[in-house]
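Visitor: My questions are about this predicted structure, shown below with the sequence.
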Amino acid sequence: MSGFVEKPEPQQVPGLVHLHTGKVRDLYRNEAGDLVMVASDRMSAYDWVLPTPIPDKGRVLTQLSLWWFGQLSDLVPNHVLSTELPPGAPADWEGRTLICKSLRMVPVECVARGYLTGSGLVEYNDSRTVCGLALPEGLTDGSELPAPIFTPATKAEVGEHDENVSYEEVARQVGAETAADLRRMTLAVYGRARDIARERGVILADTKFEFGFDGETLILGDEVLTPDSSRFWPAAEWEPGHAQPSFDKQYVRNWLTGPESGWDRKSEQPPPALPQQVVDATRAKYIEAYERLTGVSW
């Protein structure tokens with residue numbers, strides 16, 4: 001069992017129809033048929049949406065996504081139409097709301113990996129492969145891969161876990177041409193972002209993208225290259241052979257699975273509320289990622 005510890009009620013805004021409450025974002029449709037995407041301060045971990053928000057998290061995700069969309073605009077189009085607040089929307093939506101094209105989303109998490117860690121490391125240790133792709137012997141936690149790889153996953157509902165799948169399975173699901181485009185675009189965007197991050201002393205270990213069709217054109221949707229969708233490591237501290245320090249929710253994961261939380265991940269009990277020091281440290285990690293990457297003070 002997993003999902004929301006406490007599922008929030010959607011905001012009622014004149015002219016907007018609530019479509020979906022996700023792990024982090026609330027989706028609405030406006031009268032023009034555009035998607036209104038509002039990033040909350042909710043934190044998810046281990047397939048649970050935790051009861052404790054991280055202040056400013058939604059704004060960090062939104063503003064960092066906008067910055068990255070700008071860096072990538074010559075490489076791939078995206079779904080953003082406007083950042084203007086819808087009439088009648090709560091003041092708290094300021095800075096965390098995007099008006100977007102309504103896309104026909106491809107049901108695939110497009111994951112690019114340049115370094116070995118996470119679920120990729122688990123599979124590698126078992127079979128020397130990641131998503132069926134053979135990798136050389138001798139790699140360890142945090143190793144840089146010989147070249148970035150495309151390792152797609154199924155897109156799960158709230159409370160369910162994304163599952164890694166092979167490229168062949170993606171081609172079977174969405175067609176060979178779309179699968180090839182997804183792989184090409186994912187690796188191109190990862191390569192551009194990796195180089196930009198590296199210039200700023202940050203390693204982009206892996207990341208996931210979502211794409212959708214605007215008519216017949218495949219474009220970038222959802223969020224992009226945030227601490228929620230990516231693993232960012234400080235380059236100066238990179239040392240293969242163990243888990244790396246990171247600018248993401250790993251601090252929360254570590255606390256939840258440590259002795260202080262008293263929570264058994266394998267039980268059906270929901271995770272506990274986060275203590276203030278974990279909230280503060282996590283907020284600081286997200287803001288540091290934003291500031292390091294953009295060069296702008298929060």
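Guide: Alright, I've got the coordinates.
Visitor: Regarding the residue nearest to Ser40 when sequence neighbours are not counted, what is its secondary structure?
Guide: Closest residue to Ser40 apart from its sequence neighbours, by C-beta to C-beta, 6 or more residues apart in numbering: Gly58 at 5.0 Å. All C-beta atoms are positioned from the backbone trio N, CA, C, and that covers glycine. Here Gly58 is recorded as helix under DSSP: H, G, I helix; E, B strand; the rest coil.
Visitor: I figured Gly58 hits Lys23, correct?
Guide: No - counting by C-beta atoms under 8 Å, no contact exists between Gly58 and Lys23, whose distance comes to 11.8 Å.
Visitor: So which of the two has more stuff around it?
Guide: Gly58 (24 against 20; other C-beta atoms under 10 Å).
Visitor: Quick one: residues contacting that one.
Guide: Gly58 is in contact with Val24, Val38, Ala39, Ser40, Asp41, Arg42, Arg96, counting by C-beta atoms under 8 Å, 6 or more residues apart in numbering.
Visitor: One more pass at 10 Å, please.
Guide: Gly58 makes contacts with 24-26, 38-42, 92-93, 95-97, 228, as judged by C-beta atoms under 10 Å, 6 or more residues apart in numbering.
Visitor: go on, Ser65?
Guide: Contacts of Ser65 were listed using C-beta under 10 Å, 6+ apart, and they are 37, 39, 78, 80, 98, 220, 222-226, 228-229.
Visitor: same thing with Ile203?
Guide: Contact analysis of Ile203 by C-beta under 10 Å, 6+ apart lists 114-115, 142, 144, 194, 197, 231-238, 244, 246.
Visitor: Neighbour-wise, give me the winner out of these.
Guide: Using other C-beta under 10 Å as the neighbour test, the contacts of Ile203 are led by Phe232, with 26 neighbours.
Visitor: Pull the helix or strand hosting it out as CSV, backbone CA atoms only.
Guide: Using DSSP states H and E, Phe232 falls within strand 230-234. C-alpha atoms of strand 230-234 as CSV (Å, rounded to 0.1, in the frame of the first residue of the first chain):
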residue,chain,number,x,y,z
SER,A,230,17.3,14.3,-11.7
ARG,A,231,20.3,13.3,-9.7
PHE,A,232,22.6,16.3,-9.3
TRP,A,233,26.0,15.7,-7.5
PRO,A,234,28.6,18.3,-6.5
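Visitor: Quick one: residues in contact with it.
Guide: 64, 68, 112-115, 117-118, 142, 190, 193, 197, 200-209, 223-226, 239, 243-250, 285, 288-289, 292-293.
Visitor: at 6 Å instead, please
Guide: Outside strand 230-234, the residues that touch it by C-beta atoms under 6 Å, 6 or more residues apart in numbering are Val202, Ile203, Ala205, Asp206, Thr207, Gln244, Ser246, Phe247, Ala289.
Visitor: how many other residues sit next to the third one?
Guide: If I follow you right, that is Ala205. 26.
Visitor: and it, what does it touch?
Guide: Counting by C-beta under 6 Å, 6+ apart, Ala205 makes contact with Tyr115, Thr117, Arg231, Trp233.
Visitor: Mind picking the one among those that's closest to Thr52?
Guide: For the contacts of Ala205, the minimum distance to Thr52 (C-beta to C-beta) is 22.1 Å, reached by Arg231.
Visitor: That closest one: what's its closest spatial neighbour, skipping adjacent residues?
Guide: Looking at Arg231 with C-beta to C-beta, 6+ apart, the closest residue is Ala205, at 4.0 Å.
Visitor: Mind listing what's buried along the helix or strand where Glu177 lies?
Guide: In this assignment (DSSP H and E), Glu177 forms part of helix 176-199. Going by neighbour count (16 or more other C-beta atoms under 10 Å), the buried part of helix 176-199 is 178-179, 182-183, 185-187, 189-194, 196-197.
Visitor: The helix or strand that comes right after it pairs with which strands, and in what direction?
Guide: For helix 176-199, the following helix or strand on the C-terminal side (DSSP H and E) is strand 202-214. According to DSSP bridges, strand 202-214 forms sheet pairs with strand 104-105 (antiparallel), strand 108-115 (antiparallel), strand 217-221 (antiparallel), strand 230-234 (antiparallel).
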